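In: Sequence first, predicted coordinates after that:
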Amino acid sequence: MQSFKPGEIVSVGEAMIEMAVTHEGLYRRGFAGDTFNTIWHMAQVLGNQFDLGFVTKVGVDSLSDAFIEELDKDGLMTKGVCQVSERTMGLYMIEIDGVERHFHYWRNQSAAKLLADDEIWLRKAFGEASLVHLSGITLAILSEDARLRLFNTLKLARTNGTRVSFDPNIRPRLWASRDELCSTLQGFLSVTDIALPSFKDEADYWGDRSPEDTLNRFLREGVDEIVVKNGSKPIVAMADGKMIVKTTPNVSGIRDTSGAGDAFNAGYLASRIMGHNPEKSVVSGQKLAGEVICNFGARTPKDRIPSLF
């Protein structure tokens, strides 16, 4: 089982202003975004045992300042957050229909779209990293040239012992075409050590007929550790040549499924960082995801964070 070198744990992507419903007609402002949700939950679970940080760009305005202050307050390093003028943070609103959610986005002027414009800055941000986490949304918001800079930076980091975790997190509306989506996500598998796909997304775009199909396709691309999420159905994973199938526990009191996959990623990766095996780490991911869906919004209230270890 490959171990993690000593160093920082960083996540790269876009954080947005979140307007999440609390009850009829009222919304709570917060900050969220898939890779941010993951690193935030990791920070709450791991506490001060590790240095964790978020790598992104935000604006020069009061909301961006509030986001940076919240990172610091919640135990995340802010040195990877760059403020740029004439841009701001994107915004999204969650509408709830039963337990299903619908998203509305305003992100045309998102500063995070510029996060890979400076390769030297990006290399510094990843320079001390033991683990770098990213997603398909991270890639979707970038220009083609910026994706190449990010790819090259990850490739270089891996030669220095950094491990890369990747959640494809497919959002078709963010991509110019199906071909661009598929070729980009497949290309980044060559710099991925831990893949965290969702079966439904993969089935829709690659025609996978089962989670095992998804797992085997990622194996053929050279990824050694794969965990296929599948909603309330069993998790199928492969690590160190061993197949793992874990039933997902039933959860009562579901309010909002936003951020369930991000929370699973956090629990799984935090457990792996702590040295636990993949099977135990799947259980940690399930436990954290099961808590986030019992609350509104994509992040679990701090007083509801479960103990995983």
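Out: Looks like it arrived, so ask away. Numbering: from 1, shown residues only.

In: who's in contact with the most centrally placed residue in the chain?
Out: Central residue check for the chain by C-alpha atoms, centre = their mean: the C-alpha nearest the mean position is that of Thr35, 3.0 Å away. Neighbouring residues of Thr35 by C-beta atoms under 8 Å, 6 or more residues apart in numbering: Ser11, Val12, Gly13, Glu14, Phe54, His133, Leu134, Ser135, Ile137, Thr138, Asp167, Asp262. The C-beta positions use only the backbone N, C-alpha and C, and glycine is treated the same way.

In: rerun that using 7 Å as the cut-off
Out: Ser11, Val12, Gly13, His133, Leu134, Ser135, Thr138 (C-beta atoms under 7 Å, 6 or more residues apart in numbering).

In: Can you select the buried ones among the residues you listed for me in PyMOL?
Out: Buried residues within those, by 16 or more other C-beta atoms under 10 Å, are selected in PyMOL with:
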select buried, resi 11+12+13+133+134+135+138
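
In: Could you provide the contacts of Thr35 in JSON lines, with additional columns for distance to Ser284, secondary structure and pLDDT?
Out: Below are the contacts of Thr35 laid out as JSON lines (distance: C-beta to C-beta, whole Å; DSSP: H, G, I helix; E, B strand; the rest coil; pLDDT from 0 to 100):
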{"residue": "Ser11", "distance to Ser284": "17", "secondary structure": "strand", "pLDDT": "98"}
{"residue": "Val12", "distance to Ser284": "22", "secondary structure": "strand", "pLDDT": "98"}
{"residue": "Gly13", "distance to Ser284": "22", "secondary structure": "coil", "pLDDT": "98"}
{"residue": "His133", "distance to Ser284": "15", "secondary structure": "strand", "pLDDT": "98"}
{"residue": "Leu134", "distance to Ser284": "21", "secondary structure": "strand", "pLDDT": "98"}
{"residue": "Ser135", "distance to Ser284": "19", "secondary structure": "strand", "pLDDT": "98"}
{"residue": "Thr138", "distance to Ser284": "23", "secondary structure": "helix", "pLDDT": "97"}
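
In: I'd like the contacts of Thr35 laid out as TSV, including distance to Val84.
Out: Shown next, in TSV, are these (distance: C-beta to C-beta, whole Å):
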residue	distance to Val84
Ser11	19
Val12	16
Gly13	16
His133	22
Leu134	20
Ser135	21
Thr138	17
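
In: quick check, the residue nearest to the centre of the chain in a strand?
Out: No: the assignment for Thr35 is helix, going by DSSP: H, G, I helix; E, B strand; the rest coil, so no strand is present there.

In: show me where the protein has strands.
Out: With strands called from DSSP state E, the chain shows them at 8-12, 16-23, 26-32, 52-58, 81-83, 91-97, 100-106, 129-135, 163-167, 194-195, 225-228, 235-239, 242-246.
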